[in-house]
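Visitor: Sequence and predicted model, in that order:
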Amino acid sequence: MSNWPKHDMSFLEGRRQRRLRRTGWMRNMLRETVLTPHDFILPIFVEAGTNSRSQIKTMPGVERVSVDLAVDVARAAAAEGIPALAIFPNTEDERRSENGSEAFNPDNLTARALRAIKEKVPEIGLITDVALDEYSSDGQDGLVRDGEILNDETVEVMVKAALMQARAGADIIAPSDMMDGRVAAIRQALDAEGFEQVAIMSYSAKFASAFYGPFREAVGSGSRLVGDKRTYQLDFANSDEAMREVDQDIAEGADMVMVKPGMPYLDIVRRVRDEFDVPVFAYQVSGEYAMLKLAGAAGAINGEAAMMESLMAFKRAGCDGVLTYFALEAARVLNR
Ligand code: PBG
């Protein structure tokens, strides 16, 4: 062994990268990215009833909860330092319709959750989704006529829904419908009603993705969905197109933009971070959560380690924050 290794290592010229990874304290000292509970936004699914909860089969550990229990979730999230919740309703079947008018019913599930949480847990921020799929009978995000998704007519409904949400206490409106012009229309309407302080986080680069599967079960739109969403959500082969969407949303008045899904789209996050000067978020969507959870449960990966690694990757890619179903669990890991 004495003449081993026998390579001449002089090509290193003294540059040894591993010197900086040798000990825990050195790694701590040199870490480029930090993750804190303030980086997480927790999406919650709200259902009708009181003291009612139901497990979402494909998302182990995630439940739909009634408004009263949503208040408890909000309290737990705030206690861990999570700054905001994103509210998604599972609208009762009899309230869904072709025109999705439940979206702007001032007593819908979203509105009731907003009022209850605002009253009981005022320290947490509330973000609301603006799209029709949670209220319509066909699972599409826009109004449908003869199989076509109508743009300008849908925007009118989105504006009504956003105004209703602002009146009920939403702090940030998050349009996820991908109709053209919705950000400007919502901004105008909010300002006209005195809601200058209500911000817009636009789902700017939202791709037509297979990773939304479990979410559609959670809000009850999956089994209804007729066709697909490719005439409004982005083609996942495209990156320049995503930059045009972001550019236009900022011009229309978006305060923050979002990339969705998350993990397979970190290249898009990095481009937005480099090319624009607005806060950027990513949504680690339901299918991503399911993959990590189910692989962890199967013993294929260390679930907790993979969760933390995935969340750090969002930060490293340039995100200001992540919408993630892991928010509470990850915050607890960070706080312990
Ligand atoms: C649309 C909406 C979707 C998600 C958030 N908002 C689904 C879709 O566009 O079909 C998906 C989120 C997730 O998968 O976790 N209102």
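Guide: Done, it's in. Numbering: from 1, shown residues only.
Visitor: partner residues bridging L150?
Guide: Taking DSSP bridges, one obtains L143 as the residues bridged to L150.
Visitor: interface residues of the stretch 51-200 of the chain facing the ligand?
Guide: Of all the residues in the stretch 51-200 of the chain, those in contact range of the ligand (CB under 6 Å from any ligand atom) are 129, 131, 133-134, 141, 176. Where you see a C-beta, it was placed from the backbone N, CA and C, and this is true even at glycine.
Visitor: For the chain, just list every one of the helices.
Guide: For the chain, applying DSSP state H gives helices covering 24-30, 67-79, 109-120, 151-168, 182-192, 213-218, 240-252, 266-275, 286-297, 303-317, 327-335.
Visitor: With respect to D39, which of those lies nearest?
Guide: D39 sits nearest to helix 303-317 of all the helices of the chain, at 6.3 Å, using CB to CB.
Visitor: now for the helix or strand bottoming out on mean pLDDT in the chain, which elements pack on it?
Guide: For the chain, using mean pLDDT, DSSP states H and E, the weakest element among its helices and strands is helix 213-218, scoring a mean of 91. Contact here means 3 or more CB pairs under 8 Å, 6 or more residues apart in numbering; DSSP states H and E; on that basis helix 213-218 packs against helix 286-297.
Visitor: now the angle from the helix it packs on to helix 303-317?
Guide: Angle, helix 286-297 to helix 303-317, by axes from the mean of the first three to the mean of the last three CA atoms, to 10 degrees: 140 degrees.
Visitor: low-confidence ranges in the protein?
Guide: When the per-residue scores of the chain are filtered using pLDDT under 70, the ranges that remain are 1-2.
Visitor: before we move on, the earlier item: using CSV, list the CA coordinates for the least confident helix or strand of the chain.
Guide: Provided in CSV are the C-alpha atoms of helix 213-218 (Å, rounded to 0.1, in the frame of the first residue of the first chain):
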residue,chain,number,x,y,z
GLY,A,213,-53.9,15.3,-9.5
PRO,A,214,-54.3,15.1,-5.7
PHE,A,215,-55.4,18.7,-5.4
ARG,A,216,-58.3,18.1,-7.8
GLU,A,217,-59.4,15.3,-5.5
ALA,A,218,-59.0,17.6,-2.5
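Visitor: Contacts for that helix next, please.
Guide: Contacts of helix 213-218 from elsewhere in the structure, counted by CB atoms under 8 Å, 6 or more residues apart in numbering, are 45, 56-59, 62, 64, 88, 90, 133, 139, 222, 225, 285-287, 289-290.
Visitor: Reformat the helices of the chain as a markdown table; add mean neighbour count.
Guide: Formatted as a markdown table, the helices of the chain follow (neighbours: other CB atoms under 10 Å):
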| stretch | mean neighbour count |
| --- | --- |
| helix 24-30 | 9 |
| helix 67-79 | 19 |
| helix 109-120 | 21 |
| helix 151-168 | 21 |
| helix 182-192 | 20 |
| helix 213-218 | 21 |
| helix 240-252 | 17 |
| helix 266-275 | 18 |
| helix 286-297 | 19 |
| helix 303-317 | 18 |
| helix 327-335 | 19 |
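Visitor: re the thing from before, the residues of the stretch 51-200 of the chain next to the ligand, buried ones only, as a PyMOL selection?
Guide: Applying 16 or more other CB atoms under 10 Å to those leaves a buried subset, and the PyMOL line that selects it is:
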select buried, resi 129+131+133+134+141+176
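Visitor: In strands, which of the residues of the stretch 51-200 of the chain next to the ligand fall?
Guide: When DSSP state E is applied, those are split such that D129 fall in strands.
Visitor: For the stretch 201-336 of the chain, list the residues in contact with the ligand, please.
Guide: If contacts are counted using CB under 6 Å from any ligand atom, the residues of the stretch 201-336 of the chain sitting beside the ligand are 212, 215-216, 229, 285-286.
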